[in-house]
Each structure stands twice: as C-alpha cells, then as structure tokens.
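> give me a model of this one.
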Amino acid sequence: MTAGTPYDGSPVAALRRIAFLLERGRADTYKVQAYRKAAAAILPLPHDEVARRAAEGTLTELAGVGSSTARVIAEAVAGRLPTRLAEAEEQYGALPAAGGEVLRAALRGDLHSHSNWSDGGSPIEEMAMTAMELGHDYLVLTDHSPRLTIARGLSAERLARQLEVVEAVNAHLGALVSTGSTSKQFRLLKGIEVDILDDGGLDQTEEMLSRLEVRVASVHSKLKMDPEPMTRRMVAAIRNPWMNVLGHCTGRLVTGNRGTRAQSRFDARAVFEAAAEHDVAIEINSRPERRDPPTELMELARDIGCLFSIDSDAHAPGQLDFLTYGCERAEKAGIDPDRIVNTWPVEKLLSWAGGNVTT
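Numbering: from 1, shown residues only. Presented below is the predicted three-dimensional model:
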C-alpha cells in the first residue's frame, strides 16, 4: 500500500482510500464525494448493522450510499479487497515521479492547501487527518482571500470564524495524542492564500493578516499585465512585512482540464532579488498542471540565494501527495534542502514567518 489514507480492511477505510486515490488522479469532485459521503454515512453505525445491511442488500437505504459504494462496503465486510479499490490502486497508487524521494522524506509539512471553505473539495478536518496520515508534522490551511469570488474567497469575518475551527481541530488532534489514539504530533497552522492586488497590496485586512501564522501571496488576476507594472506589483507585495511565500509566481498552466495558459511576464531577477532581501520564499508549486516556476526561473532563484517552499496547493486530501512532484523538480535543480522552509521544524518555520514584522 502506498502512502496516504491507509486501508485496514474496514469499509470506511476502503471508501476513504478510493476517494484519496481519485483525488490524487484529479477526478471530478462529484465522483470523489460519493465515496466520502458513503464513508460518513456508515461511520457512526455498529459493524454488525453494516454487515447485516450488506447481507440483506439494504445499504442503499442509507442516505449517502449508492449502488457503487454499497458494493465497496459489501466486499470489504466480506473480507475481500473491493474491486473499485483495486482498480484505483492500479490507476493512481503510484505517483509517476522519477526521483525526489530523499527530499520528500525531509519535508515536515506543506504551506499551501485549500478546504471547502473556499474552492477545495473537503472539510478542514479531513485535510488535517490526511496530512497526519502522510506523515506531516504540520499543514498550513490557506484558503483564498475575498477578491477571488469565483473561489469563494474568505472575508475577514469568515476567516475569523475559520480560525476558531482550526483551533478546535488542533484541540481534537491534541486529545488523540494525549489518549494514545495516535502518537503523531501534528499541528494545523493558520494561513491564507492572499491575492496580490494590482498595486501590490494584499487582499486582506492587516488585523487579520497579523492573526495568521503563514501567508502565501499569489497573483490571480490580470496575468497578462505588461512586464514593468507586473514587476512593480510583485516587488511591492514582497516588501509587505506580512508576506512569507510567493505562490505559483508565473501563473502558468501547462496541462490539465483547465487548458493551458502562458506564463506572466516580469523581471524575474528583480523579483527574486527582492524576495532574497526580504526573506520571502519562492514556492515550487507541485500541481502537475502548474510546474511553477519553470525550471530556468527556479534555477535563477536558486543562484540569487532565495528560500523555497515546496507546496502541494492541494484542493482535496488526495492531492496532498503532489509534493512528490515538486521534490523531483527541486532535487534535479540542486536546491539545498536547508533552503526549503518546509524542511524546518515548526518552531523555526513560525519564527521565520513572523520575522519580518516589527513588533
């Protein structure tokens, strides 16, 4: 069994594992949600009841369980490897990356992830639990900021409510450790993927930015802006003391169901020199459709002396495994692991992330 949501023979684990693998393969959200809904439907039920319903053929009477997911449950209850799980393992069980294993093992966390509070497909707690199962020490939750309405970006009020949820999730995970339910120490960190506005400002109030632990800032609009104003825009954002990571710096798309998109034009040397001066990390975005920055820009940032962050930009639990792709690219580019901020322990990471702010 590969890394990720584990399968222990139970029907709930089978359903979660299938969902994880489909997400890794970037399947349509509605297909994935069928398995997650079925898992949620049977989770509170006693094993005997699930087995009885499987024998009687009444699983589909449960809200959230359809014919396909009922077959998975019945096969797992009978002690067989569900056919759909075997198919998903064959299709998506291994990531097609050639290298990066040593660097992947050195990563302690992921600084860029989304939940269903913005344009992700799963609840916060599912993202956190999957990150734990992958061996992370931490995951930064970085849902979008208000201007990105198409992605249900968070207003200051919604973000404030989300921070309370993050605290509750951490309290629950801490309780699991204290009761011996898990030995894994894990922390969900408060973050944001904040839009870089046209003038280089950040799309969230300073008060809310001050309450966060890690901040990724990205350009999502006017990607075809002329090079000079785009450079000024990015450098201005980098000089903002609240900024920690420059997300998917060129905005390009190289494959995938969204089509392709050319990279933004800007003075990369000026942007990366500003990032090195202000201790801002350049994100190596691991999504297969992004591969951002392009290799030549990643090597330029390396030579200038920038810090880096290898991030999944996951919009579903199964995509948290995308880190392998970024590690493969970083390793080929010869980037020193010590310059990759998410190889650092959480205390060092948080000290760095708050280091540019004058208190």
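
> who's in contact with Thr58?
By C-beta atoms under 8 Å, 6 or more residues apart in numbering, the contact set of Thr58 is empty. For the C-beta atoms, the positions are set from N, CA and C on the backbone; glycine is no exception.

> against Ala76, how distant is it?
Distance from Thr58 to Ala76, counting by C-beta to C-beta, to the nearest Å: 16 Å.

> same check on Glu213?
39 Å.

> just Pro241 next, same as before
52 Å.

> equivalent analysis for Leu59, please.
On the measure of C-beta to C-beta, Leu59 and Ala76 end up 11 Å apart.

> with Val166 instead?
In terms of C-beta to C-beta, Val166 sits 32 Å off from Ala76.

> of those two, who's got more company?
For Val166 versus Ala76, neighbours defined as other C-beta atoms under 10 Å are more numerous around Ala76 (23 against 20).

> what does the helix or strand containing the more buried one contact?
Using DSSP states H and E, Ala76 sits in helix 67-77. Residues from elsewhere that reach helix 67-77, judged by C-beta under 8 Å, 6+ apart: 9-11, 13-15, 18, 34-35, 37-38, 42, 50-51, 54, 59-60, 65, 81-85.

> pull out the buried positions in the longest helix along the chain.
The longest helix of the chain (DSSP state H) is helix 156-178. By neighbour count with 16 or more other C-beta atoms under 10 Å, helix 156-178 contains the buried residues Leu159, Gln162, Leu163, Val165, Val166, Val169, Asn170, Leu173.

> closest to Ile282 among those residues?
Distance to Ile282 across the buried residues of helix 156-178 (C-beta to C-beta) is lowest for Leu159, with 24.9 Å.

> coming back round to it: so for the helix or strand just after the helix holding Ala76, mean pLDDT?
Going down the chain from helix 67-77, the next helix or strand is helix 83-92, by DSSP H and E. Here helix 83-92 scores 95 as its mean pLDDT.

> what's the angle between helix 83-92 and helix 67-77?
100 degrees (axes from the mean of the first three to the mean of the last three C-alpha atoms, to 10 degrees).

> from the buried residues of helix 156-178, which is closest to His248?
Checking the buried residues of helix 156-178 against His248 with C-beta to C-beta, the nearest one is Leu159 at 21.0 Å.

> does that closest one touch Gln204 like I think?
Yes. Using C-beta atoms under 8 Å, Leu159 is in contact with Gln204, at 7.2 Å.

> residues that sit against both of the two, list them.
Contacts common to Leu159 and Gln204, judged by C-beta under 8 Å, 6+ apart, are Ile192.

> please identify the buried residues of the helix or strand harbouring Ala105?
Per DSSP H and E: Ala105 is located in helix 101-106. Buried residues in helix 101-106, counted by 16+ other C-beta under 10 Å: Leu103, Arg104.

> what is it packed up against?
Here helix 101-106 touches helix 323-332, going by 3 or more C-beta pairs under 8 Å, 6 or more residues apart in numbering; DSSP states H and E.

> residues making contact with the helix it packs on?
Contact with helix 323-332 is made by 95, 97-104, 107, 110, 284-288, 291, 295, 298, 308, 310-312, 340, as judged by C-beta under 8 Å, 6+ apart.

> redo that, cut-off 7 Å
By C-beta atoms under 7 Å, 6 or more residues apart in numbering, the residues outside helix 323-332 that reach it are 95, 97-100, 103-104, 107, 110, 284-286, 288, 291, 298, 308, 310-312, 340.
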